[in-house]
Each structure stands twice: as structure tokens, then as C-alpha cells.
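>>> Pasting a predicted model and its sequence here:
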Amino acid sequence: MNGTLPIELSNCTNLQQFQIGFNGFKGPFPTDEINSLTGLSLLDLSNNNFDRMPLPNFANLTSLESLFMENMRLAGTLPAWLFQLPKLESLDLNANRITGTIPSSISNAHSMETINLGENQLKGTIPTEIGMLDELIWIILGKNQLTGTLPTTFGQLQKLEYLDLADNMLDGEIPPEVCELW
């Protein structure tokens, strides 16, 4: 499929999953139309050609469990609302142009199981608050510009199975608390 998304999309108020990844959609991003789909639990817009933009504000999609916006030329910083979605379990913003730091508000993402923020332009240190994500199984932060050391709070991630920090500018040793996870 290709072309633009119609404004009539906003009429699909009972829609629970909207997956249009890996298509040729282009033009202005339909933020208002998607925001009207308040019952969505899954939103996959990955690998389309919408106009370059900052990460749209989907704060009112409070039923959202999975958000996939990989390789969409998103720019700007990670907004606080993203980590306040009460049911969000999976987040994939891989291969965009997201800048800034990972906000400490990530600690609000209590349901988060998978996070993929790889291949962006994130800088700064990895926030210690990530250690508060009790449900986290999988995290990719590779191919960014992160600095500093791996927080010892990663040792609190008892369910963690996959950790990708490759191709950053991290230094120091891996804390023993992290090694005890496996």
C-alpha cells in the first residue's frame, strides 16, 4: 500500500490494532486521526515515508500496549508522556533521528517489557531509573552516543534477558550486580 492515510481513519473508533508497517505511506503524518483511536492497544507505523517530524503526541492513547515507529525519520527528543502510558509494554523507536537524553521519567513505565531505542542520536548517561522497570525483559540502546558507566541499578532487572549497549561511548566496568542476573 502507499499514498496518504485518509482523515476518515478517525471514524474507526472501535479499532484495537492498527498495523501499517513496511508500506509506502507518505505525506503529512495523521496525528489527529490516530489520536482519535483511543481504544488502540497496538500501533505499528514502522518503515513508512511520512514527512519528517518530531515524535507525535499520543498521550491520550491510554490503552496502548505496543508502539512501533521504527525507521520513520522521527526527530526531536523523547517526551515524558511516552513513559506515562499506563499499559505500554513494548516500545520500538529504532533507527530514527531522536536526540537528547533518556529522561528519568522512564521510571514511570512500570509495564514496559521491551524497549528499542537503538540507532538514534541519544546522548548523556543511561539513567539509573531504568532499574525501576521490574517487567523489563529486553532493552536495546546500541548505536547511540551514550556515555558514562552502566548503572548498578541494572542489577535490579530480574527479568532482563537481552541487553544491547553496543556502539556507544560507555566506559568503566560492567557492575557485578548486572553479572549476577545471569
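Looks like it arrived, so ask away.
>>> pretty sure Asn147 contacts Gly124?
Not Asn; residue 147 is Thr. Yes - counting by Cβ atoms under 8 Å, a contact exists between Thr147 and Gly124, whose distance comes to 6.6 Å. Bear in mind the C-beta positions are built from the backbone N, C-alpha and C, glycine included.
>>> Run a quick neighbour tally on Met1.
9 (other Cβ atoms under 10 Å).
>>> Would you mind confirming that it is in contact with Ile20?
Yes - Met1 is within contact range of Ile20, at 7.1 Å (criterion: Cβ under 8 Å).
>>> OK, contacts around Leu181?
Contacts here follow Cβ atoms under 8 Å, 6 or more residues apart in numbering; on that basis Leu181 touches 154-155, 157-158, 160.
>>> Going by distance to Gln84, which of these wins?
Within the set of those, Leu157 lies nearest Gln84; the separation is 20.2 Å, counting by Cβ to Cβ.
>>> looking at it, that closest one is touching Glu135, isn't it?
No - look at Leu157 against Glu135 with Cβ under 8 Å: they stay out of range, at 9.2 Å.
>>> In a markdown table, list the contacts of Leu181 along with distance to Asn60.
Written out in a markdown table, the entries for the contacts of Leu181 read as follows (distance: Cβ to Cβ, whole Å):
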| residue | distance to Asn60 |
| --- | --- |
| Phe154 | 32 |
| Gly155 | 35 |
| Leu157 | 29 |
| Gln158 | 32 |
| Leu160 | 31 |
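>>> Go ahead and build a PyMOL selection from the buried members of those.
To isolate the buried subset of the contacts of Leu181 in PyMOL, counting by 16 or more other Cβ atoms under 10 Å, use the following:
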select buried, resi 154+155+157+160
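>>> Phe25: which of the contacts of Leu181 is nearest?
Among these, Leu160 lies closest to Phe25 (Cβ to Cβ), at 34.6 Å.
>>> what comes up buried for stretch 125-132?
By neighbour count with 16+ other Cβ under 10 Å, stretch 125-132 contains the buried residues 126-127, 129-132.
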